[in-house]
Every structure is written in structure tokens, then in C-alpha cells.
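Visitor: Need a 3D model of the sequence below.
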Amino acid sequence: MVLAQLGGRISGAIRQMSNATVIDKKVLNDCLNEITHALIQADVQFSIVSDLHTNIKRIVDFDALAAGHDKRKIISKAIFNELCRILNPGKKPPFTPKRGKTSVVMFVGLQGSGKTTTCAKYAHFHRSKGWKPALVCADTFRAGAFDQLKQNAVKAKIPFYGSYTESDPVTIAAQGVERFKKENSDLIIVDTSGRHMQEAALFEEMRQLAEATKPDLVVFVMDGSIGQAAFDQAEAFKQSIDVGAVIVTKMDGHAKGGGALSAVAATKSPVLFIGTGEHVHEFQVFDAEPFVKRLLGMGGDLSGIMDNIHQAVSSMDQVQKPPELLSENGNFTLRNMYEQFQLMLNMGPIGHVIPGFDQELMMPKGGSGKMKRYMIMMDSMTKKELDSPNGSLMNNESRILRVAKGSGHSIEAVKEMLEAYKRLAKIWSKTLKKGSKKNKMMNVEQMSKVIPDEMLKQIGGKGALESLIKKIGSGKDIMAAFNK
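Guide: Numbering: from 1, shown residues only. Sure, this is the predicted structure:
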């Protein structure tokens, strides 16, 4: 069960309880039964769900409540607080890195959890905040581990260390940490080996690495899609090494939220971040209360939203050569469309930048997925086809058939992509004509009406909002092409 479905069932149960004419024990039991069923189906461990059920019934004691109390609010608050408690056991990370002071953070987890990618995301996040991070690959077990870390590090512009010849991970880790300390890196991230299961050899290797590198913080990277299995996994790591924090990966649509809940309960360690996609920027700071609010459709954390907006704009500023909106001949080609999609995907989905904002306006369902599929189709085109005026070369059934076969899509899907291209070409032509400034101002006016006043003030008013839209590009216009 994906998180959106889980949140929908819980919020639906609360809404049904609130709509009841009389709030009594039966109404409360019906509400709690629906919530516990939703959590169990989301693969949350039964004992955790049972504790939540018991605690809420203890808090909402109808016999002890005096007349006049708003039972709806009391029940809703109890449910919200219990969900927050499950996600956050009340402990802060034992260590928080500080800029300018060298810190060593060691990442541990099973193979396939997304550990190496998460190391790069963690480094990229802190680099954007002014840290000088560095990556050390101490994974000599998995073939290609160093190549993967190297590729991610180069893409994120992070210094890295590893070896193709040295087979001892402890030696590599010690050498890498020593090197980056001399180079004054203030955040040294050590990526360790994973296994397919909790093996004694893995834990012994982790203990040796910890002794050699003396990490200030050990982060357990957990695959959020494995459900209840996360409980035993988290306990095993906690008993073998001093896990200080958890990062949950693969939370982008198919992940079971129960894994995260169980892991935190087992390790008594806070969740620092959640991974929400493949790209380095798809990485969110985790805070239990705003997360539960978003889960239940109650809004989110304003400071986190602002942080996401500024990070997105910052990533736009770092682009050395923005893609051309039109070709040299003044046409909007398939290549132009490809490059615009690439820029938007690198910046991150608008729904991630402004969670809880009117996502139907900016990012309709399947929007980023469609862009990725269309890009795969365009990868199967020739240079001449990509650069042909108005996509004229693709008005040919044999070319469409070749692209469909080469990209693994149906002929109908390729034709759908070409239709989207034609609509998008019309939109860009209109936008880039005289008077486009007026159109953009209308977009600013529309957006300013739906953005909360507090957020608009923090952005800096309508003028700053217009500047933000210009940097991001006309996302509304681009995504409108998919809704026709």
C-alpha cells in the first residue's frame, strides 16, 4: 500500500467519525478499527498497531470526559499524536554535523537498500548548505560499487576515494578518511558493504570499519518497500553496531510506510531523511509532525517548503548552459522539448518542491512519469529527427514503428508523444511572442491567490514569485500539454 492510500484511509476514518451525530464508544471503535486495518495492510508490525490502539482508547476515556468537551477534537488529536509518536520515539540524533568541523558519518545497510545512492544524496544535500563533503567507498564486496559511487560523486561534484586494487575495506576506509581530513573536508561519508541477509561477516566488517574510522554518526539505510521485514533488519543492526539515525529509501509511490514505522520503533533512532526518487535532489529532511500532517492531508511544514523552493532555484542557478527554448531557425524541435524535460526532471517534480500546493495546477498525475517515457522514446530517434522543423520527419509510419520498437513502447504511445509535442510547440510559440510578459504576469496573479499569505511573504511577495517562475520555467504551460 502506498503512503497516499494509507493517509487516505486514516483521514477517511477520522472524517467519518467527525461526521457522526453522536460520538460514543462504538463510533470510536469503528474509527480505530479502520485505522488499525489500514496500518496492518500497510505492513506495520502488529504489536506497534496494537499499542497505538490501546493508547488512544486510554487517552479518550468517555467515562472520565466531562460534559462539554469536544470529543471529535480529542480523538483526532490523540490519533495524530500517536502516529507522530510511532514515527518519532522522542530521541534526537546523538550527533549533528557542524560546518567547518570535520565529522565522519558511516552508512550501513543491506545490499539493494539504495545505500550508495543515499550517500551521494546526503553529500549533495550538505554541499548545497555550504559543507565540504567527501565520499569514501569501503564496499569491496559488491562488483561495481566503486564505479557507482564514482559516477554519483562526479555527477554531484563531490570528491571521492576508493580503490580497484585494494581488497581490504578497512584499509580503504582508513586511508580515505585520513586523506580527506588533510584536505579539510568537514563531512566525510563512508559507504560500507551490504549483503543479501544479516550475515555475521557483515556485522564483523562493520565493527572493524567503525574502529578504524571512528565515525561520529552511524546511519542505517533501510529500504522502505520491504514492510515488516524492516523490524528484524533494524533490530539486528542496532544490536551489532551503534545506529544513531535512519534514512528510509524508495518512498516514491510503491514503498510501504510500515517499514519506516517499524524501523524507528525497533532502533529507537530518529529518521533523518527519506529518499523520494532516483535523482540526488529527491531527498527530503524528515520531521514526524509535518510528515503526519501531509499524510493526513492537513498541510505540511512551511519552513521545509521554503527550503525546497530555494534549493530548486539554487539548482537552476547552477546550470552552466540553460537549454535553448527554440532552435536556430526559430522552431520548437523535439530536441528542445527533450532538453526542457531534462531540466525540469533535474530540478525535481513541482510536487516535491511545494508539497501540499495545488499539484493539479503544476504537476498532474503521471506528469513526471510521462516526461521520462517520452524522453526514452526520443532517445531512439536520430539527430535529424530530433532537429527537424516542427518534427516533420516523424510524420512517417515507418519511423514511428522504428522508434516504438527501439524504445520498447507501442506505436500508439509514440503517436501520443508526438501529439503532446505539437501541443507544446504551440504553447511555446504563443509564450515567446510579444505579450508573453503579460501572460506570465497572469500566471503570477493566479498563483499568488492560491499560495498561503505567510508563504508569499517568505518568498518576498509577487515580484519574487515572478522571478521564481522565470527561473523554474513555465511549468504550468509545459504540463498543460499533457492534459489536452
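Visitor: tally of neighbours for the spatially closest residue to Leu39 that is not a sequence neighbour?
Guide: Distance criterion CB to CB, 6 or more residues apart in numbering; nearest residue to Leu39, sequence neighbours excluded, is Val49 at 4.8 Å. Placement of C-beta: from N, CA and C, glycine included. Val49 has 20 neighbouring residues, counting by other CB atoms under 10 Å.
Visitor: secondary structure element for Val49?
Guide: helix 46-59 (DSSP states H and E).
Visitor: Name the surrounding residues that touch the helix or strand following that helix.
Guide: Of the helices and strands lying after helix 46-59 in sequence (DSSP H and E), the nearest is helix 71-87. Here helix 71-87 makes contact (CB atoms under 8 Å, 6 or more residues apart in numbering) with 10, 14, 17-18, 23, 28, 31, 35, 48, 52, 55-56, 59-60, 62, 65, 260-261, 264-265, 271, 288-289, 291-292, 295-296, 298.
Visitor: Export only the CA atoms of helix 71-87, formatted as CSV.
Guide: C-alpha atoms of helix 71-87 as CSV (Å, rounded to 0.1, in the frame of the first residue of the first chain):
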residue,chain,number,x,y,z
LYS,A,71,-14.8,14.6,21.7
ARG,A,72,-14.1,14.9,17.9
LYS,A,73,-11.1,17.2,18.5
ILE,A,74,-9.8,15.0,21.4
ILE,A,75,-10.0,11.8,19.3
SER,A,76,-8.4,13.5,16.2
LYS,A,77,-5.6,14.9,18.3
ALA,A,78,-4.9,11.6,20.1
ILE,A,79,-4.7,9.8,16.7
PHE,A,80,-2.4,12.5,15.3
ASN,A,81,-0.1,12.4,18.4
GLU,A,82,0.1,8.6,18.4
LEU,A,83,1.1,8.5,14.7
CYS,A,84,3.8,11.1,15.5
ARG,A,85,5.0,9.1,18.4
ILE,A,86,5.4,6.0,16.3
LEU,A,87,7.5,7.9,13.8
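Visitor: name the element Lys121 belongs to?
Guide: With DSSP H and E as criterion, Lys121 is part of helix 115-128.
Visitor: Direction included, what does the following helix or strand past that helix pair against?
Guide: Sequence-wise, the next helix or strand downstream of helix 115-128 (DSSP H and E) is strand 133-138. Applying DSSP bridges, strand 133-138 is found paired with strand 160-161 (parallel), strand 187-192 (parallel).
Visitor: what bits of the stretch 201-350 of the chain have low per-residue confidence?
Guide: Applying pLDDT under 70 to the stretch 201-350 of the chain flags residues 253-259, 261-263, 265-267, 297-330, 343-350.
Visitor: Can you list the residue ranges for strands in it?
Guide: 217-223, 245-249, 271-275, 283-285 (DSSP state E, counting those that start in this stretch).
Visitor: Nearest to Ala425 among these would be which one?
Guide: Checking the strands of the stretch 201-350 of the chain against Ala425 by CB to CB gives strand 283-285 as the closest, at 34.0 Å.
Visitor: Identify each buried residue in that closest one, please.
Guide: 283-285 (16 or more other CB atoms under 10 Å).
Visitor: Likewise for stretch 128-145?
Guide: So, applying 16+ other CB under 10 Å, buried residues of stretch 128-145: 128, 131-141, 145.
Visitor: for stretch 10-25, same thing?
Guide: So, applying 16+ other CB under 10 Å, buried residues of stretch 10-25: 10-14, 17, 23.
Visitor: what's the answer for stretch 113-132, then?
Guide: Buried residues in stretch 113-132, counted by 16+ other CB under 10 Å: 113-128, 131-132.
Visitor: Check stretch 63-74 too.
Guide: Quick answer for stretch 63-74 (16+ other CB under 10 Å): 71, 74.
Visitor: gap between the two ends of it?
Guide: Start-to-end span of stretch 63-74 (CA to CA, to the nearest Å) is 14 Å.
Visitor: So what touches stretch 156-164?
Guide: 120, 123-124, 127, 133-137, 146, 149-150, 152-154, 172, 175-176, 179-180, 183, 185, 280.
Visitor: how about the helices in the stretch 151-300 of the chain?
Guide: 169-182, 200-213, 229-240, 257-267, 288-295 (DSSP state H, counting those that start in this stretch).
Visitor: Ok, which of the ones you listed comes nearest Asp70?
Guide: helix 288-295 (19.7 Å).
Visitor: got the CA positions of stretch 156-166 in CSV?
Guide: C-alpha atoms of stretch 156-166 as CSV (Å, rounded to 0.1, in the frame of the first residue of the first chain):
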residue,chain,number,x,y,z
ALA,A,156,27.1,15.7,-7.8
LYS,A,157,30.6,17.3,-7.9
ILE,A,158,31.7,15.6,-4.7
PRO,A,159,35.3,14.5,-4.0
PHE,A,160,35.6,10.7,-3.7
TYR,A,161,38.1,8.0,-2.7
GLY,A,162,38.2,4.3,-3.4
SER,A,163,40.4,1.5,-4.9
TYR,A,164,40.2,-1.0,-7.7
THR,A,165,43.2,-3.0,-6.3
GLU,A,166,42.9,-3.0,-2.5
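Visitor: ok, and for the strand or helix carrying Ala404, which residues are buried?
Guide: Using DSSP H and E, Ala404 falls within helix 397-407. Buried positions in helix 397-407, judged by neighbour count with 16+ other CB under 10 Å: 400, 402-404, 407.
Visitor: Ala260 - nearest residue in space that isn't next to it in sequence?
Guide: That would be Val248: by CB to CB, 6+ apart, it lies 4.4 Å from Ala260.
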